[in-house]
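Asks: how does the following fold in three dimensions:
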Amino acid sequence: MLLFFSGWAMDEHPTEHLVNEDRDICTCFDFSNLDSTDCKRWESYSDIVLVAWSTGVWAAEQVVGKLNLPLSKAIAINGTPTTVHEETGISRVIFQGTYDQLTEQTMQKFHRRMAGSVLAYNAFVPIAPKRELKNQKDELASILEVDFETLETDLIHWNKVIVGKSDAIFPPQNQLRYWEGRTEIIELELPHYPFFYFKNWGLE
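Replies: Next comes the predicted model:
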């Protein structure tokens with residue numbers, strides 16, 4: 001199985017174009033309440049590849065990291081387990097500002113910055129998440145309530161991390177600061193939303 005933890009405000013649609021020929025896919029999103037995650041069905045698989053993106057890296061550590069699952073590989077993309085953090089995450093001021101000013105218009109602006117270019121944004125619009133704005137704002141509020149300064153991390157052995165050098169959402173220098181010395185770091189010329197640059201879930 002391929003277990004994918006997506007980013008804030010997302011759902012299954014932004015990655016539905018990725019090709020996967022030999023694994024079932026489970027996409028996890030809406031991390032308003034991590035305790036509500038239904039993990040039972042994962043236990044029937046003997047080989048699980050974990051991919052986590054953005055805030056999904058934090059969520060994956062807090063959910064999967066506390067389970068005894070047969071992970072054969074774990075890949076983090078454009079995120080860290082300390083999502084809201086001045087040095088190894090996104091500034092709390094930025095998070096709070098996003099929450100305070102969240103509207104349909106500012107969400108579109110977020111998507112444009114996330115996509116990295118007009119061409120990529122135009123391609124993203126048809127596969128944008130279909131969630132209600134209030135639901136997305138509630139998720140953001142839940143993330144803001146987490147104390148990332150004291151949060152236990154290193155709950156998953158990440159085999160490698162991909163850092164997008166053009167990430168305008170999750171500062172690349174903060175990602176590098178967290179991951180240095182922890183795992184293999186691959187720096188690529190990618191925006192925060194990287195999935196137009198990969199052909200399949202092998203991330204090649």
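Asks: got the contact list for the nearest residue to Ser72 once chain neighbours are set aside?
Replies: Closest residue to Ser72 apart from its sequence neighbours, by C-beta to C-beta, 6 or more residues apart in numbering: Asp47 at 5.1 Å. Every C-beta, even on glycine, is put in place using the N, C-alpha and C of the backbone. Neighbouring residues of Asp47 by C-beta atoms under 8 Å, 6 or more residues apart in numbering: Met1, Pro70, Ser72.
Asks: out of these, who's nearest Glu43?
Replies: For the contacts of Asp47, the closest approach to Glu43 (C-beta to C-beta) belongs to Pro70, at 9.4 Å.
Asks: doesn't Ser46 make contact with the closest one?
Replies: Yes. Look at Pro70 against Ser46 with C-beta atoms under 8 Å: they come within range, at 5.7 Å.
Asks: pLDDT value on Glu204, please?
Replies: Listed pLDDT for Glu204 reads 66.
Asks: pLDDT-wise, which helix or strand of the protein ranks last?
Replies: Across the helices and strands of the chain, the lowest-confidence element by mean pLDDT, DSSP states H and E is strand 25-28, at a mean of 94.
Asks: Ile162: helix or strand, and which one exactly?
Replies: Here Ile162 sits within strand 160-164, counting by DSSP states H and E.
Asks: quickly run through the sheet partners of that strand, with directions.
Replies: Partner strands and pairing direction for strand 160-164 (DSSP bridges) are strand 71-77 (parallel), strand 184-188 (parallel).
Asks: contacts for stretch 28-40?
Replies: Here stretch 28-40 makes contact (C-beta under 8 Å, 6+ apart) with 3-8, 10-12, 55-56, 58-60, 62-63, 67, 129, 131, 135, 138-139, 141-143.
Asks: can you give me the end-to-end span of it?
Replies: Across its full length, stretch 28-40 reaches 14 Å between end residues, using C-alpha to C-alpha, to the nearest Å.
Asks: now do the buried residues in that stretch.
Replies: Cys28, Phe29, Asp30, Phe31, Thr37 (16 or more other C-beta atoms under 10 Å).
Asks: cool, and stretch 184-201?
Replies: By 16+ other C-beta under 10 Å, the buried positions in stretch 184-201 come out as Leu190, Pro191, His192, Tyr193, Pro194, Phe195, Phe196, Phe198, Trp201.
Asks: got JSON lines for these, with secondary structure and distance to Leu176 too?
Replies: Putting the buried residues of stretch 184-201 into JSON lines (DSSP: H, G, I helix; E, B strand; the rest coil; distance: C-beta to C-beta, whole Å) gives the following:
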{"residue": "Leu190", "secondary structure": "coil", "distance to Leu176": "14"}
{"residue": "Pro191", "secondary structure": "coil", "distance to Leu176": "16"}
{"residue": "His192", "secondary structure": "coil", "distance to Leu176": "15"}
{"residue": "Tyr193", "secondary structure": "coil", "distance to Leu176": "19"}
{"residue": "Pro194", "secondary structure": "coil", "distance to Leu176": "16"}
{"residue": "Phe195", "secondary structure": "coil", "distance to Leu176": "21"}
{"residue": "Phe196", "secondary structure": "coil", "distance to Leu176": "23"}
{"residue": "Phe198", "secondary structure": "coil", "distance to Leu176": "21"}
{"residue": "Trp201", "secondary structure": "coil", "distance to Leu176": "25"}
